[in-house]
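Student: Output the structure for:
(2 chains)
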Number of protein chains: 2
Amino acid sequence: MSPRSSVARRASSAGSTAPESVDLGVLKDMLGFRLRRIQNHLSKNFAERLAGRDIKPGEFSALALIAANPGISQIQLATEGGFDKAALVVLLDDLERWGWAVRRRSTADRRRHALEITPKGEKALAELFAIGLANEATVTDALAEEELANLYAVLDRIYGLCFSDDQA
Amino acid sequence: MSPRSSVARRASSAGSTAPESVDLGVLKDMLGFRLRRIQNHLSKNFAERLAGRDIKPGEFSALALIAANPGISQIQLATEGGFDKAALVVLLDDLERWGWAVRRRSTADRRRHALEITPKGEKALAELFAIGLANEATVTDALAEEELANLYAVLDRIYGLCFSDDQA
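Tutor: All right, here's what the predicted structure looks like:
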């Protein structure tokens, strides 16, 4: 976990026939790989912190977006959150079943649903946010504040420029 | 998909009761959400480019790491690639079944497997890399070269500092 143990591990593997430090090969040019390998660890650690409760990171994200945007539509939620439409339906079913959010017919447009968080959902969100922050502390502690802000800004710009019009 | 259509979408939603631009709320402080929503789109688009062939992004990544590091062990592959150990076994079974990679007993340490790519695997890797590059062109075209290099550097640093000692 720490930089020190990483050094120790590399030193102890010296002399084996295995490559001492791993070469990324063609992955040097790939963004997706870099996102996924970090994401895999964050997701697994998040699940461990939830200690058996079956709450997906996507359910936390959806709840957070609903809380910050009362009345948001399912389509807006899918495009902003990068959710697959079918997966989002399952996520929202869970949130409703747990009493954390409700789908209401929009008064402005009866064909669409307006999503709202409940008081119970607000409580759950506060807890999940605290868990999420603790889970990411290993990363946020490793970076300078400005570096982290720059990283968030470039990731948000990529999303806005490349993906914010499509559902995943 | 394009910045222009994004502007058009925002303009056309003005006057509805829905929030005009979506607020990230507590997700403003979360890295995982930012990685996941980009990753969701890249994975979905990658699958579409494969046109029905069931090859996971992780299989491409594993094959690329094996190609660049002949004789790499399963544990090294799991830690460097951020793979869950059980998931990696399934990935490697697929690569072997397709004739793209082989697991050999290491001559230096009979307890571990040394992974090698096959000539057939090299051909598949070249094709998957071309598909991967085309798939990410929407992102790489949107960013300046230096900006992209900085993004890759900070993501690699995060991985090295925070996660490179653990399997996901």
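
Student: Mind checking if the longest helix along chain A is in reach of chain B?
Tutor: Determined from DSSP state H, the single longest helix within chain A is helix A:119-140. Yes: counting by C-beta under 8 Å from any C-beta of the partner chain, contacts between helix A:119-140 and chain B involve A:L125, A:F129, A:G132, A:L133, A:N135, A:E136, A:T138, A:V139, A:T140. (Glycine included, C-beta is placed from N, CA and C.)

Student: Kindly report the same for stretch A:150-159.
Tutor: Yes: Stretch A:150-159 lies within reach of chain B by C-beta under 8 Å from any C-beta, at A:N150, A:L151, A:Y152, A:V154, A:L155, A:D156, A:R157, A:I158, A:Y159.

Student: just to revisit the earlier point, among the residues of helix A:119-140 next to chain B, which pair sits farthest apart?
Tutor: By the measure C-beta to C-beta, A:L125 and A:T138 form the most distant pair in those, at 22.1 Å.

Student: Neighbour count: the two, which is higher?
Tutor: Neighbour totals were compared for A:L125 and A:T138, and A:L125 leads with 22 against 17 (other C-beta atoms under 10 Å in any protein chain shown).

Student: What are the phi and psi values at A:A101?
Tutor: Here is the backbone geometry of A:A101 (degrees, to the nearest 10): phi -150, psi 160.

Student: nearest spatial neighbour of it, skipping sequence neighbours?
Tutor: Once flanking residues are discounted, A:A101 sits nearest to A:L95: 4.1 Å by C-beta to C-beta, 6 or more residues apart in numbering or on different chains.

Student: Now do the buried residues in the strand or helix carrying that neighbour.
Tutor: Per DSSP states H and E: A:L95 is located in helix A:85-97. Residues of helix A:85-97 classed as buried: A:A87, A:L88, A:L91, A:L92, A:D94, A:L95 (neighbour count, 16 or more other C-beta atoms under 10 Å in any protein chain shown).

Student: Which parts of chain A are helices?
Tutor: A:3-12, A:31-49, A:57-68, A:74-81, A:85-97, A:119-140, A:145-158.

Student: Quickly check: the third one near chain B or not.
Tutor: Meaning helix A:57-68. Yes: on the criterion C-beta under 8 Å from any C-beta, helix A:57-68 is in touch with chain B at A:P57, A:G58, A:S61, A:A64, A:L65, A:A67, A:A68.

Student: Run through who's touching the helix holding A:L95.
Tutor: Helix A:85-97 has contacts (C-beta atoms under 8 Å, 6 or more residues apart in numbering or on different chains) with A:56, A:58-59, A:62-63, A:66, A:74, A:77-78, A:81, A:83, A:101-103, A:115, A:121, A:167.

Student: One more: stretch A:114-125?
Tutor: Counting by C-beta under 8 Å, 6+ apart, stretch A:114-125 makes contact with A:60, A:63-64, A:66-67, A:70-74, A:77, A:92, A:95, A:98-107, B:17-18, B:26, all of which sit outside it.

Student: roughly how far out does it sit from the chain middle?
Tutor: In terms of C-alpha atoms, centre = their mean, to the nearest Å, the centre of stretch A:114-125 is set 18 Å apart from its chain centre.

Student: first vs last residue of that stretch, how far apart are they?
Tutor: One end of stretch A:114-125 sits 19 Å from the other (C-alpha to C-alpha, to the nearest Å).

Student: A:I55 reaches A:G132, doesn't it?
Tutor: No: counting by C-beta atoms under 8 Å, A:I55 stays clear of A:G132, with 10.8 Å between them.

Student: residue ranges with poor pLDDT in chain A?
Tutor: Low-confidence segments of chain A, defined by pLDDT under 70: A:1-20, A:166-168.

Student: before we move on, the earlier item: go through the buried residues of helix A:85-97 and name the one nearest B:R49.
Tutor: A:A87 (19.9 Å).

Student: Could I get the contacting residues of the residue nearest the centre of chain A?
Tutor: The residue lying closest to the centre of chain A (C-alpha atoms, centre = their mean) is A:P57, at 5.6 Å. Contacts for A:P57 (C-beta under 8 Å, 6+ apart) come out as A:L42, A:S43, A:F46, B:G32, B:F33, B:R36.

Student: now the residues you listed in CSV, with neighbour count and distance to B:F163?
Tutor: Below are the contacts of A:P57 laid out as CSV (neighbours: other C-beta atoms under 10 Å in any protein chain shown; distance: C-beta to C-beta, whole Å):
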residue, neighbour count, distance to B:F163
A:L42, 25, 9
A:S43, 20, 12
A:F46, 20, 13
B:G32, 23, 13
B:F33, 26, 18
B:R36, 24, 16
